[in-house]
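# this one's sequence-less:
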């Protein structure tokens, strides 16, 4: 597989970090407040499935940033979904 130019690699890693970290405030808020009424379970479950598919894709092509970002995102989204199931 050809190596991406440094700028392209930087853009990909930055995108991965931002789209992964965006779930951290939601997970913290749900954990602290034990309040998840405003979170849609079908949307969260669909997002989790999409992240699983991105993770499988990343693993199949051996893309480190894609694997890392989606593994962390999946952990955060599954945490949010578990709180949604527990606290409604």
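Cool, the structure landed. Fair warning: this is a prediction, and the values are worked out from it, not measured in the lab. Numbers count the residues shown, from 1 in each chain.

# please, which helix or strand holds the nearest residue to residue 66 once chain neighbours are set aside?
Among residues not flanking residue 66 along the chain, residue 58 sits closest, at 3.4 Å (Cβ to Cβ, 6 or more residues apart in numbering). Every residue, glycine included, has its C-beta placed from N, CA and C. Remark: residue 58 resides in helix 41-61, with elements defined by DSSP states H and E.

# follow-up on the earlier one: now do the residue nearest to residue 66 against residue 22, distance only.
18 Å (Cβ to Cβ, to the nearest Å).

# for residue 67, same thing?
In terms of Cβ to Cβ, residue 67 sits 18 Å off from residue 22.

# so if I had to pick from these two, which one is more boxed in?
Using other Cβ atoms under 10 Å, the more surrounded residue of residue 67 and residue 22 is residue 67, with 19 against 11.

# can you check the pLDDT for the most centrally placed residue in the chain?
Nearest to the mean C-alpha position of the chain, counting by Cα atoms, centre = their mean, stands residue 73 at 2.1 Å. Looking at residue 73, its pLDDT reads 94.

# and the helix or strand harbouring it, which residues are buried?
In this assignment (DSSP H and E), residue 73 forms part of helix 64-87. Within helix 64-87, the residues that count as buried by 16 or more other Cβ atoms under 10 Å are 65-70, 72-74, 76-81, 83-84.

# next: stretch 36-51.
Here stretch 36-51 shows 36, 39, 44, 47-48, 51 as buried, counting by 16+ other Cβ under 10 Å.
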